[in-house]
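Novice: Next comes the sequence, and after it the predicted model I'd like to discuss.
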Amino acid sequence: MPLLVTSAAGANGNGYGTLLAFDLNGRPLGAFSGDSRIADPRGLAVDRDEGLLFLNSSTGRVLALDPNGRVVRDSGPIEGLNPGGGNFGPDGRYYVGARSARTIMAFSIGLGATGEYVLPAGIVPFPRGFAFGRDGRLFLASGIGPNGVRPILVRGDIETNRHGVGHGRFIGRFNIETFIVSPASEPSWLAFNHTFPDVSRS
């Protein structure tokens, strides 16, 4: 695949509202896919085992694309999804920020079943970026919610099999801590550099 960038549209970013492709020198190649189901795309994540790109569309869908930009899986419209970022979890499922419900949902990679909440609805003011630490904990950064509710960091755990991945299930142990105390801060994303082993425990 070339370099791919989501370009937000309208109030979200005044961009192109599509998935843009660039070569390795940064030269624009245009839209990666002309499929109309891709509108104001958000999270991007790659399933390396199947070579598919998963993304979230403002049409309330989760889509999987092949290396040629063809949509090969479609969750269908999900009422009220309003998706944000996306990431794969240690259990192999695809996780999506559900912004209106103020939580995170998880989907099987086949996208054939309805997603499920993995955090209680309304747990954060405005879910943005999230990532899984090497120890399986989920870290979620939130934007500022209504009435100036401050961002928080939610930490949970993924229980997996003895190999660490593949057959996990989310379990309801959460610690909620203040992550960013400035009401002027608006985090967009969160990621780990696993080169430094202590990062996922910070």
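Specialist: Great, that's in hand. Residues are numbered from 1 along each chain as shown.
Novice: quick one: least confident helix or strand in this structure?
Specialist: Of all the helices and strands that make up the chain, the one with the lowest confidence by mean pLDDT, DSSP states H and E is strand 169-178; it has a mean of 41.
Novice: OK, contacts around residue 66?
Specialist: Residues near residue 66 by C-beta atoms under 8 Å, 6 or more residues apart in numbering: 51-53, 72. In this view, the C-beta of every residue, glycine as well, is placed from N, C-alpha and C.
Novice: One more pass at 10 Å, please.
Specialist: Going by C-beta atoms under 10 Å, 6 or more residues apart in numbering, residue 66 touches 1, 33, 50-53, 72-73.
Novice: And it, what's its pLDDT?
Specialist: Note on residue 66: pLDDT of 96.
Novice: one step back: need the contacts of residue 66 in TSV with secondary structure, pLDDT and distance to residue 40, can you?
Specialist: Shown next, in TSV, are the contacts of residue 66 (DSSP: H, G, I helix; E, B strand; the rest coil; pLDDT from 0 to 100; distance: C-beta to C-beta, whole Å):
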residue	secondary structure	pLDDT	distance to residue 40
1	coil	64	21
33	coil	94	14
50	coil	91	25
51	coil	92	25
52	strand	95	21
53	strand	95	17
72	strand	97	21
73	strand	96	19
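Novice: Could you tell me which of the residues you listed count as buried?
Specialist: 33, 52-53, 73 (16 or more other C-beta atoms under 10 Å).
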